[in-house]
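Enquirer: Okay, sequence plus prediction incoming.
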Amino acid sequence: MTDSTELLWREPSTLDPAVVRQAWRAAEPLHGLIYFTPEAHQRYAALGIAPAAGYFASRAAAMGPVGPGPVVAGFFNFNPELVARALPAVWDVTTPAAVLAARLEAAGAALTRALGDAVHGPEMNEAAELARRAAESVAAHPEGRPLFAAHAALPWPDQPHLVLWHAQTVLREFRGDGHVAALLLAGLTGLEALILHGASGEVPVRFLRRSRGWSDEQWAEAAARLRDRGLIEGDEPVLSDKGQAQRAWIEAATDRLATPAYTVLGAEGCARLADLTRPMSRAVVASGALNVDNAVARS
């Protein structure tokens, strides 16, 4: 992307997007564990949900008993055929309300296992209050952010560690919806965006290929398109200079679009949230709750 794609009419932010990114990244493992931790897989199985459907059912449940269409659109980079094998069939065996309850229970169990007594500590209380302020501050502005809107409408839990988890989930979906908008503006399909992510080296390609359900042929065709556009290079693709520039633009745009949720905290509040949650997130990582090998294969 070039500077000509900048939205010059956008009102300048009063908060440095880099500060916003720091606040989000420091706390993200506290939300992200729900996609990998065995506590979640066990609770979904108890509802009769097949392993391959747990992720789609749990993240989509906030939208109600939806079929594959809204999920393909909102999740963005999954093979539609993979989604259609899970939805709407899962709603024949359970309900969105039951899945949401199981998901929250699993998050609480996983956080307690990873953090121990810290789930009851003063740092947890303060972090939960800050994250909730940020999440609630934009709840009245759901325009263009369907996954955020669905999660923002859910009731708040009572316990501080669950408040923090739910707040970070809402903030993650707010950021995620903005990220999808940036990817669309960059002219990328879901699969192309996935390949670029893998080429960045930030996430193991084997995990992306196993979890998103695209065939080898589909992957190769999309990679060929990206090579033709000069965005990746090499047999085991890495980002080219042009690809690195585009990805940097996408991430910067995502940061800008996420900023409204954190403006209420200001730079000081964002820094404090990051300081409070960073040790918690490190404990989550150390517990193994974010091990990609624990993710249930969805292909």
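Expert: Arrived safely, thanks for sending. Numbers count the residues shown, from 1 in each chain.
Enquirer: Identify the single longest helix in the protein, thanks.
Expert: With DSSP state H setting the assignment, residue counts place helix 160-185 as the longest helix in the chain.
Enquirer: Would you mind listing the buried residues in that one?
Expert: Across helix 160-185, burial judged by 16 or more other C-beta atoms under 10 Å covers 160-180, 182-183. Yep, even glycine has a C-beta here, placed from its N, CA and C like the rest.
Enquirer: again with stretch 280-289
Expert: Using 16+ other C-beta under 10 Å as the test for burial, stretch 280-289 gives 280-281, 283-284, 287, 289.
Enquirer: And stretch 86-96, by the same measure?
Expert: Buried-residue list, stretch 86-96, by 16+ other C-beta under 10 Å: 86-87, 90-91, 94, 96.
Enquirer: what two of those are the furthest from one another?
Expert: Greatest spatial distance among these (C-beta to C-beta): 86 and 96, at 13.5 Å.
Enquirer: least trustworthy helix or strand in the protein by mean pLDDT?
Expert: helix 205-212 (a mean of 91; mean pLDDT, DSSP states H and E).
Enquirer: And that one, what does it pack against?
Expert: If you count contacts as 3 or more C-beta pairs under 8 Å, 6 or more residues apart in numbering; DSSP states H and E, helix 205-212 packs onto helix 190-199.
Enquirer: The helix it packs on - contacts with which helices or strands?
Expert: If you count contacts as 3+ C-beta pairs under 8 Å, 6+ apart, helix 190-199 packs onto helix 205-212, helix 216-228, strand 232-233, strand 238-239, helix 241-258.
Enquirer: tilt between it and helix 205-212?
Expert: 150 degrees (axes from the mean of the first three to the mean of the last three C-alpha atoms, to 10 degrees).
Enquirer: now helix 190-199 against helix 216-228, angle please.
Expert: 70 degrees.
Enquirer: Could you check how far residue 65 is from residue 220?
Expert: Going from residue 65 to residue 220 by C-beta to C-beta, to the nearest Å gives 36 Å.
Enquirer: and if you look at residue 187?
Expert: With the distance defined as C-beta to C-beta, residue 187 ends up 20 Å from residue 220.
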